[in-house]
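1. Fold the following.
(one chain, ligands or ions: 1)
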Amino acid sequence: MEAAAAAVLAPEGRQNWTALIDDVTAGRWIDPDTGARAQVPFGCVVIEESLRGAEAGLLAGVMPAERYAVVADVATYDVYGYAIARALGARAEVVVLEAPHADEAEVRALRERTQGADALVAVGSGTINDLCKYVTAGDGRAYSVFGTAPSMNGYTSTTASITLDSGLKTTQPAHAAKGVFLDIGISAEAPQYLIAAGFGDSLCRASAQVDWYFSHRLLGTRYATSPYVLQTEDEAATMARSAGLGRRDHEAVGYLHRILTLGGFGISLVGMSHPGSMGEHQISHWIDSFAGAAHPGTVHGQQVGVASVTMARLQELILARDEAPQIRPNDFDEADLRRRYPDAAVGDCIKACRAKAFDAARAAEFNADLQRLWPEIRPLLQAMSMPAADLAAHLRAAGGGATAEEIGMDRDLYRQAVRHSREMRDRYSMLDLAADMGILEAFIEEEC
Ligand SMILES: [Zn+2]
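-> Numbers count the residues shown, from 1 in each chain. So this is what the prediction gives:
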């Protein structure tokens with residue numbers, strides 16, 4: 001584990017930003033849960049102070065092609081797309097998308113516009129990366145990404161957030177980038193809210209781990225420690241530099257890219273998104289899926305940051321109890337769900353709610369288990385968690401917001417998300433526990 005110390009100096013005296021990351025991609029890292037060499041579908045992650053001049057060589061190394069489509073939006077074309085296209089010379093065709101959305105219509109249009117290319121080079125962050133990832137996963141071409149902002153952990157994820165023609169926002173299986181190329185200097189010039197968003201997305205670790213471990217012990221959900229072992233040292237190093245993120249400090253941005261990369265790897269290791277996506281991500285997904293015209297245009301990581309603070313607060317209130325929490329039998333109101341959700345979503349919501357309903361017998365069994373396990377799991381869960389006030393202070397130091405209002409979101413919309421997001425997915429989080437205990441409404445009233 002010495003390699004996990006990111007401050008290992010490479011021979012030239014510069015920081016080796018991909019220590020540990022290289023061990024994982026090369027299959028050298030031993031998964032502590034299985035004792036076997038960890039496998040991730042990512043073969044090449046490069047994080048350097050600058051990648052200028054190296055672009056064509058990097059692409060030739062991981063994704064040789066006769067013809068590349070360099071895909072950017074207007075802003076990222078100026079920031080980096082132009083330079084990459086120039087480095088590729090005659091082999092590049094440039095596709096600049098105007099205000100793109102990661103939806104099915106854009107996917108079809110991009111496939112059409114890039115049909116002459118052998119491989120896609122995404123230059124951007126969330127939307128551009130998701131579009132190129134999903135288009136190429138669908139037609140079997142390869143893609144690589146030059147990230148322009150440390151705004152989310154999607155560079156090293158194999159799924160894409162795509163809005164369907166029905167309007168439903170979904171997470172679709174896609175594939176891994178052949179190369180993930182992250183230039184710290186360019187990333188440090190990204191809009192401050194995007195830097196803070198990436199930091200917010202990384203902060204979900206604590207609340208997701210608490211939710212996931214609780215679900216594991218009470219409901220038998222499969223659990224693994226490897227995603228967290230992978231992140232421990234870099235999480236501390238990144239949080240220690242939250243104020244540096246607020247100043248666009250390059251070292252802080254380098255650590256942020258590391259923790260985001262490792263967070264993505266953790267999900268690949270276990271083949272399920274639970275290690276980095278529980279109650280806090282559900283709140284964010286609900287906002288993206290159902291806010292409609294009330295959506296303020298905030299990005300994923302901003303929402304996840306705020307929701308991570310909310311979940312940390314809820315978890316610390318529940319974990320402060322010496323006595324085991326007890327739930328009441330509960331059911332859901334199908335007619336009410338049908339009224340509140342669009343047709344395209346209502347089936348999944350009913351399914352999720354049905355899976356989480358407790359009749360009297362099941363509630364009694366759950367309560368007995370919780371009573372028995374509480375003295376043991378309470379300190380374990382407390383050790384995994386982070387104080388909500390600390391998370392909020394770090395988010396603000398990084399230039400981000402820690403409440404709905406601070407990211408420009410209507411408070412009532414956010415409260416709706418906290419109240420209802422558990423209806424859209426069958427994962428059991430402390431939002432469910434709080435609702436089943438009968439304390440969620442009071443929590444929303446006092447804390448959100
Ligand atoms: Zn996320």
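2. Domain-wise, how is this protein divided?
-> 2-190+248-254, 272-447 (automatic domain parsing).
3. worst average pLDDT in the ones you listed?
-> Mean pLDDT is lowest for domain 2-190+248-254 out of the domains of the chain, coming in at a mean of 93.
4. Just give me how far that one sits from the chain centre.
-> Remark: domain 2-190+248-254 is offset 15 Å from the chain centroid, using C-alpha atoms, centre = their mean, to the nearest Å.
5. With stretch 200-207 instead?
-> Here stretch 200-207 is found 8 Å from its chain centre; the criterion is C-alpha atoms, centre = their mean.
6. Which residue is the nearest non-sequential neighbour of G147?
-> L182 (4.7 Å; C-beta to C-beta, 6 or more residues apart in numbering). C-beta: built from backbone N, CA, C; applies to glycine.
7. Quick check: that neighbour is in a strand.
-> Yes - under DSSP: H, G, I helix; E, B strand; the rest coil, L182 falls within a strand.
8. Run a quick neighbour tally on R108.
-> Each residue near R108 was counted by other C-beta atoms under 10 Å, and the total is 13.
9. Got phi/psi on it?
-> Dihedral pair for R108: phi -60, psi -40, per degrees, to the nearest 10.
10. now do V40
-> phi -130, psi 150.
11. Please tell me how far it sits from L269.
-> Counting by C-beta to C-beta, to the nearest Å, the gap from V40 to L269 is 6 Å.
12. Just send the domains of the chain back as a markdown table, with distance to G263 too.
-> Shown next, in a markdown table, are the domains of the chain (distance: least, C-beta to C-beta, whole Å):
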| stretch | distance to G263 |
| --- | --- |
| domain 2-190+248-254 | 4 |
| domain 272-447 | 5 |
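13. just so I know, which of these lies nearest A196?
-> When the domains of the chain are compared for distance to A196 using C-beta to C-beta, the nearest one is domain 272-447, at 2.8 Å.
14. Ends of the closest one, what's the gap?
-> End-to-end distance for domain 272-447: 30 Å, by C-alpha to C-alpha, to the nearest Å.
15. ok, now stretch 185-201?
-> Using C-alpha to C-alpha, one end of stretch 185-201 lies 21 Å from the other.
16. How far off centre is it?
-> The answer for stretch 185-201 is 14 Å, by C-alpha atoms, centre = their mean.
17. hmm, back to that, closest to A206 out of the domains of the chain?
-> With C-beta to C-beta as the criterion, A206 lies closest to domain 272-447 of the domains of the chain, at 4.1 Å.
18. Packing partners of the helix or strand where T170 lies?
-> Secondary structure assignment for T170, by DSSP states H and E: strand 169-173. Other helices and strands packing on strand 169-173, by 3 or more C-beta pairs under 8 Å, 6 or more residues apart in numbering; DSSP states H and E, are strand 159-163, helix 279-290.
19. cutoff 7 Å now
-> Secondary-structure packing of strand 169-173 (3 or more C-beta pairs under 7 Å, 6 or more residues apart in numbering; DSSP states H and E): strand 159-163.
20. Need the contact partners of the strand it packs on.
-> Under the criterion C-beta atoms under 7 Å, 6 or more residues apart in numbering, residues 101-104, 107, 130, 133-134, 169-174 lie in contact with strand 159-163.
21. again, only this time at 6 Å
-> Outside strand 159-163, the residues within contact range by C-beta atoms under 6 Å, 6 or more residues apart in numbering are 102-103, 130, 133-134, 169-174.
22. tell me which of these is nearest to E447?
-> Of all the contacts of strand 159-163, E447 sits closest to K169, with 26.2 Å by C-beta to C-beta.
23. and that closest one, how far is that from A364?
-> From K169 to A364 the distance is 37 Å (C-beta to C-beta).
24. what about the strands in this structure?
-> Under the criterion DSSP state E, strands of the chain are mapped to 45-48, 68-73, 92-97, 119-124, 142-147, 159-163, 169-173, 180-183.
25. So which elements touch the last one?
-> So that's strand 180-183. Taking 3 or more C-beta pairs under 6 Å, 6 or more residues apart in numbering; DSSP states H and E as contact, the helices and strands that strand 180-183 lies on are strand 45-48, strand 142-147.
26. would JSON lines of the strands of the chain with distance to A357 be doable?
-> JSON lines is the format used below for those (distance: least, C-beta to C-beta, whole Å):
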{"stretch": "strand 45-48", "distance to A357": "42"}
{"stretch": "strand 68-73", "distance to A357": "44"}
{"stretch": "strand 92-97", "distance to A357": "43"}
{"stretch": "strand 119-124", "distance to A357": "42"}
{"stretch": "strand 142-147", "distance to A357": "41"}
{"stretch": "strand 159-163", "distance to A357": "28"}
{"stretch": "strand 169-173", "distance to A357": "24"}
{"stretch": "strand 180-183", "distance to A357": "41"}
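27. Among those, which comes closest to L413?
-> When the strands of the chain are compared by C-beta to C-beta, strand 169-173 sits nearest L413, at 15.3 Å.
28. Strand partners (parallel or antiparallel) of the closest one?
-> Here strand 169-173 is paired, per DSSP bridges, with strand 159-163 (antiparallel).
29. With adjacent residues omitted, what lies nearest to L51?
-> D183 (4.4 Å).
30. elements contacting the biggest helix by length in the chain?
-> For the chain, the helix with the greatest residue count under DSSP state H is helix 360-384. Secondary-structure packing of helix 360-384 (3+ C-beta pairs under 6 Å, 6+ apart): helix 204-219, helix 300-319.
31. Tell me which of those helices is the most buried.
-> Stretch with highest mean neighbour count among the helices and strands packed on helix 360-384: helix 300-319 (a mean of 26; mean count of other C-beta atoms under 10 Å).
32. List of residues touching it?
-> Identification of contacts with helix 300-319 by C-beta under 6 Å, 6+ apart yields 151-152, 197-198, 200-201, 203-204, 207, 210, 279-280, 283-284, 287, 325, 378, 381-382, 385-386, 388, 391-392, 395, 400, 402, 407, 430, 434, 443, 447.
33. what distance separates that helix from the centre of its chain?
-> Using C-alpha atoms, centre = their mean, the offset of helix 300-319 from its chain centre is 14 Å.
34. and that helix with helix 204-219, angle?
-> Using axes from the mean of the first three to the mean of the last three C-alpha atoms, to 10 degrees, the direction of helix 300-319 lies 50 degrees away from that of helix 204-219.
35. what's the closest non-adjacent residue to Y223?
-> Among residues not flanking Y223 along the chain, H216 sits closest, at 3.6 Å (C-beta to C-beta, 6+ apart).
36. Please look at that neighbour and R222 and confirm they touch.
-> No - using C-beta atoms under 6 Å, H216 is not in contact with R222, being 7.1 Å away.
37. shouldn't V46 be in contact with F181?
-> Yes - applying C-beta under 6 Å as the test, V46 and F181 come out as touching, 5.0 Å apart.
38. quick one, which of the two is more surrounded?
-> Remark: of V46 and F181, F181 carries more neighbours, 26 against 19, as counted by other C-beta under 10 Å.
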